[in-house]
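**Student:** the sequence and its predicted three-dimensional model are supplied below.
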Amino acid sequence: MKVKIRKGLLEYLLQLARDFYPNEFGGFLREKDGIFEEVLIIPRGYFGKESIYFDTWLLPHDENIKGTVHSHPIPSLRPSQADVSFFSKFGGIHIIIAYPFDKKSVKAYNSEGKEVEMEIVE
């Protein structure tokens, strides 16, 4: 399995991770024609140093939401047990961006927490 993400979106996500640091940030990814194109940040989210919380009742019903993204303010790309539990609730693809928030510190995972290949497209 391979996931595709628009280069501009990845650059925006890296900047969001830098802007939220030292806290985590998180959002939901919209896909169009097999490519992640947009991030949706839920209003009134909690973004802490070790966790994030979303009120999923505020998540719109949108069949184009196919994944999630969140940052780790430490240099670890490995999903935690809490991450894998969250992944299993939303299915799809889950991207983790770790400190120092550059293109080398990004990985994608499936809903079981197994790494999947990611392709950056123009």
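**Tutor:** Ah, there it is.
**Student:** I'd like the next helix or strand past the lengthiest helix in the chain.
**Tutor:** In the chain, taking DSSP state H as the definition, the longest helix is helix 7-20. In the C-terminal direction, the helix or strand that comes right after helix 7-20 (DSSP states H and E) is strand 26-32.
**Student:** chain center to the helix or strand following that following strand, what's the gap?
**Tutor:** Toward the C-terminus, strand 26-32 is succeeded by strand 35-40 as the next helix or strand (DSSP H and E). Remark: strand 35-40 is offset 10 Å from the chain centroid, using CA atoms, centre = their mean, to the nearest Å.
**Student:** same thing with stretch 104-116?
**Tutor:** 10 Å.
**Student:** buried stuff in it?
**Tutor:** By neighbour count on 16 or more other CB atoms under 10 Å, the buried set for stretch 104-116 is 105-111, 113. Where C-beta positions appear, they are placed from N, C-alpha and C, glycine not excepted.
**Student:** any idea how far Phe87 is from Asp102?
**Tutor:** Per CB to CB, to the nearest Å, Phe87 is found 23 Å from Asp102.
**Student:** what is the longest helix of the chain packed up against?
**Tutor:** strand 35-40, strand 65-72, strand 93-98, strand 106-109, strand 115-121 (3 or more CB pairs under 8 Å, 6 or more residues apart in numbering; DSSP states H and E).
**Student:** quick one: mean pLDDT over that helix.
**Tutor:** For helix 7-20, the mean per-residue pLDDT is 97.
**Student:** got the buried residues for stretch 23-37?
**Tutor:** Neighbour-count burial for stretch 23-37 [16+ other CB under 10 Å]: 23-31, 36.
**Student:** and the longest helix of the chain, how far from the chain's centre?
**Tutor:** That offset, for helix 7-20, works out to 10 Å (CA atoms, centre = their mean).
**Student:** run a quick neighbour tally on the nearest residue to Glu122 once chain neighbours are set aside.
**Tutor:** Using CB to CB, 6 or more residues apart in numbering and skipping the chain neighbours, the partner closest in space to Glu122 is Lys7 (5.7 Å). Look at Lys7: counted by other CB atoms under 10 Å, it has 11 neighbours.
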